[in-house]
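>>> sequence isn't available, so here's the structure alone:
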């Protein structure tokens, strides 16, 4: 992200978790957004995140199964983001 390369950042947590803490620019995934993701070019750079990384890994695996090739899981989730990148993001 710091390099300015285009990236689609998707939050796979619950709406309640998203209200508690969020990464600027992240889109909360719901069924409508998931359908929109499916329409993206298969080489779109996509990063999924959740609280610690488990749900986002499952999301990445799901979209890999649909043929997406440039998928990433934010290691440590939003909790690590808050600790290591942006301490203004609340931890919960």
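Right, received. Where do you want to start? Owing to the predicted nature of the structure, the values given are computational and were not obtained by experimental measurement.

>>> could you pull out the strands for the chain?
8-11, 27-28, 46-49, 71-73 (DSSP state E).

>>> quick one, which of the ones you listed is nearest to residue 57?
Residue 57 lies closest to strand 71-73 among the strands of the chain, at 4.7 Å (C-beta to C-beta). Yep, even glycine has a C-beta here, placed from its N, CA and C like the rest.

>>> please spell out which residues along the closest one are buried.
Neighbour-count burial for strand 71-73, counted by 16 or more other C-beta atoms under 10 Å, picks out 71, 73.

>>> other SSEs contacting that strand?
strand 46-49, helix 54-65 (3 or more C-beta pairs under 8 Å, 6 or more residues apart in numbering; DSSP states H and E).

>>> since we're on residue 37, how many residues are nearby?
Residue 37 has 20 neighbouring residues, counting by other C-beta atoms under 10 Å.

>>> mind putting the helices and strands packed on strand 71-73 into a markdown table with mean pLDDT and distance to residue 37?
Output for the helices and strands packed on strand 71-73, formatted as a markdown table (pLDDT from 0 to 100; distance: least, C-beta to C-beta, whole Å):
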| stretch | mean pLDDT | distance to residue 37 |
| --- | --- | --- |
| strand 46-49 | 98 | 7 |
| helix 54-65 | 97 | 7 |
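
>>> winner for burial among the ones you listed?
The highest mean neighbour count among the helices and strands packed on strand 71-73, using mean count of other C-beta atoms under 10 Å, belongs to strand 46-49: a mean of 23.
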